[in-house]
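# Generate a structure from the sequence data that follows.
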Amino acid sequence: MATRRRRWTVLTPLVVATLAAVGASACDGNGDESSADPSGVDVDVGDDVPADFPADAVPLPDETVASSSTTGRGGERVWTILYQVDDVVAAAERYRDELAAAGFEVEASFSAGDEEGDLESFTAVGDDYIVTAFAGGIRGESVVSVTVSPAFMDQL
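Predicted structure coming up:
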């Protein structure tokens, strides 16, 4: 058991660093930016919830937005929003409850933690969208990354 706990002690900072790097690379702090990949994929980044986010269909955490991105091709979009949180476990539980109240079904979840930090993740499926949330924190630095994609994406 000590080996497993040590592994999470190492993995938790890596997950938090990865989430933070994704958020930092998504926006330089100057607001929204947009680019198009030669493959036809559009990428929009910013520091707020994207304007085209389906807020009427998918609730979002009531936390501080650190960065956001929208990717897509044609009319289909995938949104990723990175939040700063004080308590990983509490933020994940609140968000899981909000999604359940909105009719989403949590189909997979994972939790790990020790005295150094916590890691929470879950996938919630609704009629039109799939939500994947990853929350990680260590030594007071905590983030929640929420990715929302159309429900058909699970069939690709």
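
# pLDDT below threshold where in this protein?
Along the chain, the model assigns pLDDT under 70 to residues 1-39, 153-156.

# can you give me the strands in it?
Remark: strands assigned in the chain by DSSP state E are 33-36, 42-46, 64-73, 76-85, 105-114, 117-125, 129-138, 141-150.

# From the contact counts, what lies against the fifth one?
This means strand 105-114. Strand 105-114 sits against helix 2-26, helix 88-101, strand 117-125, with contacts defined as 3 or more Cβ pairs under 8 Å, 6 or more residues apart in numbering; DSSP states H and E. C-beta: built from backbone N, CA, C; applies to glycine.

# got the angle for it vs strand 117-125?
170 degrees (axes from the mean of the first three to the mean of the last three Cα atoms, to 10 degrees).

# Strand 105-114: partners in the sheet, and parallel or antiparallel?
With DSSP bridges as the test, strand 105-114 is paired with strand 117-125 (antiparallel).

# Return the most buried member of the strands of the chain.
strand 129-138 (a mean of 23; mean count of other Cβ atoms under 10 Å).

# what does it contact?
12-13, 15-16, 19, 54, 57-58, 85, 87-89, 91-92, 95-96, 99, 104, 116-125, 142-151, 153-154 (Cβ atoms under 8 Å, 6 or more residues apart in numbering).

# Report the backbone C-alpha coordinates of stretch 42-53 in CSV.
Extracted in CSV, the C-alpha atoms of stretch 42-53 (Å, rounded to 0.1, in the frame of the first residue of the first chain):
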residue,chain,number,x,y,z
ASP,A,42,-10.5,25.9,-35.2
VAL,A,43,-9.1,26.8,-31.8
ASP,A,44,-10.3,29.6,-29.6
VAL,A,45,-8.7,30.4,-26.3
GLY,A,46,-9.6,32.9,-23.6
ASP,A,47,-9.9,33.6,-19.9
ASP,A,48,-13.7,33.3,-19.5
VAL,A,49,-16.4,30.8,-20.3
PRO,A,50,-16.6,30.7,-24.1
ALA,A,51,-19.5,32.7,-25.6
ASP,A,52,-20.7,29.6,-27.6
PHE,A,53,-20.7,27.3,-24.5
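
# just how off-centre is it within its chain?
In terms of Cα atoms, centre = their mean, to the nearest Å, the centre of stretch 42-53 is found 14 Å from the chain centre.

# next one: stretch 132-151
4 Å.

# how long is that stretch from one end to the other?
12 Å (Cα to Cα, to the nearest Å).

# same thing with stretch 122-139?
22 Å.
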